[in-house]
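Colleague: Below are the sequence and a predicted model for it; my questions follow.
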Amino acid sequence: MTDYAQTYGALRSRVSDLVRGVSGEELERLTPAAPEWRVRDVVAHLSGITADINAGNLDGVTTDSWTARQVDARCDWTIEQILDEWDTEAAKVEPLMPDFPEVAIGQMLTDAVTHEHDIRGGLERPGARDSDAMALAFDRAMPGLAMTAEPADVTLRVETDAGNATVGTGTRHIGLRVDWFDLFRAMTGRRSLDQMRGFGWDGEPAPELLVLPIFTPRPTPLVE
């Protein structure tokens, strides 16, 4: 049985240790994967999610306006204030995670993993690509590709270093060989269509199938 609290807590500790160890100038960098936010803003969003869950502030959950309020409310906080809040609020949320609806826990973990690597990209400090949180988020995200494959009448066979999967039941069969980190970043809108066309396709590339419906592909390439 997956220990969601432990998995999320380990991610939180990694991110906290990472941002505590960098300069104020680095925290002010814009993150290439989420260019509207600085590194510190991404951390503020992650902390704000846990605070909003505890406060029952879920009106508009996951929308741009909901996340913007989290960042705006903490724009003048120090990074230590943000991290202290995240510690406090997450300590209340994490024990409840096993009781969250499947869709909610999947969304929360996918979002957290996505933003961990946005932060790492902004700081030019890659790592944790084989973490338990990454593996869990990848497994949760993969079935979402059926929502792009089915309407396109596609059966998509995917081979990654994390294993193989088939999504969709369409009459058009397409194969793909790709690094699992690149695929996860593509699914969450962190790769451009041109980058995805360069993956290992069997047949005509179909990069539009790789982006989960709630995301859009980047307009320009992102190398991490």
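Modeller: Received the coordinates, thanks. Just so it is clear, the model here is predicted, and its values are computed rather than measured.

Colleague: The chain: strands as residue ranges?
Modeller: Assignment of strands within the chain using DSSP state E yields the ranges 30-31, 34-38, 154-160, 163-167, 172-177, 200-202.

Colleague: most neighbours per residue, which of these?
Modeller: The highest mean neighbour count among the strands of the chain, using mean count of other CB atoms under 10 Å, belongs to strand 154-160: a mean of 19. No exception for glycine: its C-beta is placed from N, CA and C like everyone else's.

Colleague: Output that strand as PDB - backbone C-alpha positions only.
Modeller: Coordinates of the C-alpha atoms in strand 154-160 are reproduced here as PDB (Å, rounded to 0.1, in the frame of the first residue of the first chain):
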ATOM      1  CA  VAL A 154      -5.400   5.600 -31.400                       C
ATOM      2  CA  THR A 155      -3.900   2.700 -29.600                       C
ATOM      3  CA  LEU A 156      -0.600   4.100 -28.200                       C
ATOM      4  CA  ARG A 157       2.100   1.700 -27.100                       C
ATOM      5  CA  VAL A 158       4.700   3.400 -24.900                       C
ATOM      6  CA  GLU A 159       8.100   2.000 -24.000                       C
ATOM      7  CA  THR A 160      10.100   3.700 -21.300                       C
END
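
Colleague: Report the mean confidence score over it.
Modeller: The predicted model gives strand 154-160 an average pLDDT of 97.

Colleague: same thing with stretch 69-77?
Modeller: Predicted confidence along stretch 69-77 averages 97 (mean pLDDT).

Colleague: Report the residue spans of this structure with pLDDT below the cut-off.
Modeller: Counting by pLDDT under 70, the chain shows low-confidence ranges at 1.

Colleague: list the contacts for Pro217?
Modeller: The neighbourhood of Pro217, defined by CB atoms under 8 Å, 6 or more residues apart in numbering, consists of Ala186, Gly189, Arg191, Ser192, Leu193, Met196, Pro207, Glu208, Val211.

Colleague: from those residues, which single one is nearest Arg38?
Modeller: Using CB to CB, Gly189 comes nearest to Arg38 of the contacts of Pro217, at 18.8 Å.

Colleague: Distance check, the closest one against Val103.
Modeller: Counting by CB to CB, to the nearest Å, the separation of Gly189 from Val103 is 19 Å.

Colleague: More neighbours: these two, which one.
Modeller: Comparing Gly189 with Val103 by neighbour count (other CB atoms under 10 Å), the higher total belongs to Gly189, at 18 against 9.

Colleague: which residues touch the residue of the chain positioned farthest from its centre?
Modeller: For the chain, the C-alpha lying farthest from the average C-alpha position belongs to Thr171; by CA atoms, centre = their mean, that distance is 30.8 Å. For Thr171, the contacting residues are Asp153, Thr155, taking CB under 8 Å, 6+ apart as the criterion.

Colleague: which helix is the longest one in the chain?
Modeller: Among the segments of the chain that qualify as a helix by DSSP state H, the longest is helix 102-123.

Colleague: Would you mark the buried spots in that helix?
Modeller: For helix 102-123, burial by neighbour count (16 or more other CB atoms under 10 Å) applies to 105-123.

Colleague: Provide the backbone phi and psi angles at the residue farthest from the centre of the chain.
Modeller: For Thr171, the backbone dihedrals are phi -80, psi -20 (criterion: degrees, to the nearest 10).

Colleague: what sits against the residue nearest to the spatial centre of the chain?
Modeller: The centre of the chain sits closest to Thr114, judged by CA atoms, centre = their mean, with a distance of 2.0 Å. Under the criterion of CB under 8 Å, 6+ apart, the neighbours of Thr114 are Ala137, Thr188, Arg190.
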